[in-house]
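**Student:** Pasting a predicted model and its sequence here:
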Amino acid sequence: MASIAATFLPMRTAAARERSEARTALLFALPAIVLIVLFIIVPIVAVVVLGFTDFQLGDQSLRFVAFENYAHLLRDRAFQKSLWNTATYTAIVAPVSIVLGLGVALLIESEGIGRSFFRTAYFLPVASLIVAMATVWQYLFHPTIGPINALLGEIGVRGPNWLGASATALYSLSIIGVWQSVGFNMVLFLAGLTAIPRELYAAAEVDGAKSSFDRFWLVTWPMLGPTTLFVTTISIINAVKVFDTVKALTDGGPNHASEVLLFTIYQEGFVYLRVGYASAMTTVFLAILVVLTFLQYRVQDRQVHYT
Amino acid sequence: MSALSLRGIAKSFGGNAILKGVDLDVQPGEFIALVGPSGCGRSTLLRILAGLDHADSGEIILGGSDVSGVAAADRNIAMVFQSYALYPHLTASENIAVPLAMRRLSRVQRLPFIGSLIPGQRAARAGIIRDVREMAVSLKIDHLLDRKPGQMSGGQRQRVALARAMVRRPAVFLMDEPLSNLDANLRVHARGEIVDLHRRAGVPTVYVTHDQAEALSMADRVAVMIGGQLLQLASPQTIYDDPAHVEVARFVGQPRINLLPALAENGTVAFGGIRLALEDDSIAGNNVTLGIRPEFVSLTQNRQDALAAHIERMEFLGSEVILYAKLDAIGETMVVKLAPAEVAGLSAGMPVALALAAEQAMVFAEDGRRLRAAPTTVDATREKAHG
């Protein structure tokens, strides 16, 4: 229709044509816009609004309490503990799983025959159900019948009560977290590695980069920049979002030692049914994620895209 | 003593012989073009020379010693890659500095921050910066030094790649089709520049290309490689006028040489209804191939001693016209290079008579070898059976 109209009205201005094009574009984008508003924007707004109320699940009415929930958060020792635990967990899991993921990817890349075997083996934890695998870890970490402590016993070390002691529970969960995400990071790094032009390595060799260490710093590491940026972002977000292992293995215990942000939110919202308070926590949680992602891209983006 | 010698280099991949014993001597200061159709093994040979691949057998003698087992980084051979292979995260000046930094600085000295604390690092760095700048000025790229490869045009990248290869004054310079990513105009211009640079630097150069025109126009000597073998190594003129093998004749020259099946007997070569007298009559009763370049075929009014043909099509190229004519007797297409005035009034489908400059014809044996028995004249006696 548009083209017919155009032939009949050759005097139509370019601006008018542009407007109609913009209308058509908007029409095409409409389904996506509706879905995003319905399933992402509205829930987020709802959470933020609920965070300013004292709504409890099952209540007939709710009261607007302004910043009371947030004031309470500042004084809530359990919340502060879980915030700190989440930070610790992330500070361990994200860097370790990134470095290990890269290391494994480099090893697999240089491997000729067993490549697909190792790739599958390292990817299995990503594909497996973590709640089911938690049972296996519970056995591995068991203080008396677990094979880890049995091995430690062989060399004369008395193993700790991994998941049962408040001193080690969070670190044990971190080990599981690393195990879980190394495979995922490895797959991303492998994809990044295959995208590096082979000629760059040849050039590096001719230019005098004798060892593979030299070539790694000259070619691999800088060329992996965009991948590393993405892997770092994903790893941090995933670590901040840890929940299932905590719920399945320690239930936040002992004595809040392994309570993380998402677990606290779950407790408040679904166990104590204080939806308003949980919403305030969720808002803080979202804000942390947004700030982290934003910082990440501001800091790294400039250094990793070369064109 | 030659600057670089290859002795019997052989290489196969999975039972597939890519190089079948290649010998090559590069004289000091010489520019050698290694040319051949795709898949002939020229890039493999270059990678072996650079030390990026290793030959199954044979030796590479560089400056008097065998470097076959030496790693690429220790060979003092520089290379320009087809894709230029510039490091995209480094600026032009950092790119050019890499080969110098790798050689003049220790691994610790190259570290950021910590490196600057090591004694001698500052002086070495200053020297590198000076050399990079000098190189950039001589290649007229000093205004590009702060740009990254992504912000440069193809021609600029190519110069940076050249600078990176030349800056450390290598013993041998290898180039792997460095002009193939440039557009046609720039390519012809860059040819001249590379030849000029080579003349100034005087570093022996091995230049790989698939473009025979590039090879002929740039090189001191051309090495024609076909099917993993070096069929001829000679000056461009010799390669063109006096090919040693039918494949060399076929590969070199645009438009292609005419190659016609012929029969040699009793001191004559017979084909398509005419006979050419041979200088000597030692080749007898053999199937041979007769080769004649398009510029040595002409139109004639004299039907005697000429080949009858019909014009298939004509290509007008400005200063010349390429005429494709099908020979009536044997059905082969003959390519003829003519001046535009000569084809006035001719069009596709018209009959013509073609005359050969017999003394310019070449005879090749069945296995492709050139037979040193040049035809002298067109024999006056036409074959009677057909015509």
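**Tutor:** Okay, I see it. Numbers count the residues shown, from 1 in each chain, chains lettered A, B, ... in the order given.

**Student:** low pLDDT regions in the chain?
**Tutor:** I'll assume chain A. A:1-12, A:300-307 (pLDDT under 70).

**Student:** nope, chain B please
**Tutor:** B:1, B:272-273, B:279-285, B:373-374, B:376-387.

**Student:** Enumerate the residues of it near chain A.
**Tutor:** B:47, B:50-52, B:71-74, B:77-79, B:81-83, B:85-90, B:98-99, B:102-103, B:107, B:148-151, B:164 (Cβ under 8 Å from any Cβ of the partner chain). Yep, even glycine has a C-beta here, placed from its N, CA and C like the rest.

**Student:** Sort out for me which of those residues are in strands.
**Tutor:** Members of the residues of chain B next to chain A lying in strands (criterion: DSSP state E): B:77-79.

**Student:** A:Ala191 belongs to a helix?
**Tutor:** Yes - assigned with DSSP: H, G, I helix; E, B strand; the rest coil, A:Ala191 falls within a helix.

**Student:** How many residues are close by the closest residue to it other than its chain neighbours?
**Tutor:** Nearest in space to A:Ala191, with sequence neighbours left out and distances taken as Cβ to Cβ, 6 or more residues apart in numbering or on different chains, is A:Thr227 at 7.2 Å. When neighbours are counted by other Cβ atoms under 10 Å in any protein chain shown, A:Thr227 registers 21.

**Student:** And A:Thr227, how close does it get to chain B?
**Tutor:** Per Cβ to the nearest Cβ, to the nearest Å, A:Thr227 is found 13 Å from chain B.

**Student:** what helices or strands is whatever helix or strand that residue lives in leaning on?
**Tutor:** Taking DSSP states H and E as the definition, A:Thr227 sits inside helix A:225-240. Judged by 3 or more Cβ pairs under 8 Å, 6 or more residues apart in numbering or on different chains; DSSP states H and E, the packing partners of helix A:225-240 are helix A:77-110, helix A:169-194, helix A:275-304.

**Student:** Just the buried residues of the first one, please?
**Tutor:** Read that as helix A:77-110. By 16 or more other Cβ atoms under 10 Å in any protein chain shown, the buried positions in helix A:77-110 come out as A:79, A:81-83, A:85-86, A:89-90, A:92-94, A:96-98, A:100-102, A:104-106, A:108-109.

**Student:** With respect to A:Leu27, which of the ones in strands among the residues of chain B next to chain A is nearest?
**Tutor:** Nearest to A:Leu27 out of these is B:Met79 (Cβ to Cβ; 54.9 Å).

**Student:** For the closest one, give the beta-bridge partners.
**Tutor:** B:Leu174 (DSSP bridges).

**Student:** who touches it in this structure?
**Tutor:** By Cβ atoms under 8 Å, 6 or more residues apart in numbering or on different chains, the contact set of B:Met79 is A:202-203, A:206, B:46, B:50, B:165, B:173-176.

**Student:** one more time with 6 Å
**Tutor:** B:Met79 sits next to A:206, B:50, B:174 when contact means Cβ atoms under 6 Å, 6 or more residues apart in numbering or on different chains.

**Student:** before we move on, what about B:Ser298?
**Tutor:** B:Ala355.

**Student:** partners of the helix or strand that it is a member of, with directions?
**Tutor:** Here B:Ser298 sits within strand B:297-299, counting by DSSP H and E. If you go by DSSP bridges, strand B:297-299 pairs up with strand B:351-356 (antiparallel).

**Student:** Show me the contact partners of the partner strand.
**Tutor:** Counting by Cβ under 6 Å, 6+ apart, B:292, B:297-300, B:303, B:306-307, B:309-310, B:325 sit against strand B:351-356.

**Student:** from the middle of its chain, how far away would that strand be?
**Tutor:** 32 Å (Cα atoms, centre = their mean, to the nearest Å).

**Student:** For that strand, buried residues please.
**Tutor:** B:352-356.

**Student:** now stretch B:70-81
**Tutor:** B:72-73, B:75-81.

**Student:** mind saving the C-alpha coords of the helix or strand in which B:Tyr207 is found as CSV?
**Tutor:** Using DSSP H and E, the element containing B:Tyr207 is strand B:205-209. What follows is strand B:205-209, C-alpha atoms only, in CSV (Å, rounded to 0.1, in the frame of the first residue of the first chain):
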residue,chain,number,x,y,z
THR,B,205,63.2,-11.5,-0.5
VAL,B,206,61.1,-14.4,-1.4
TYR,B,207,57.7,-13.2,-2.6
VAL,B,208,54.9,-15.7,-2.9
THR,B,209,52.1,-15.0,-5.3
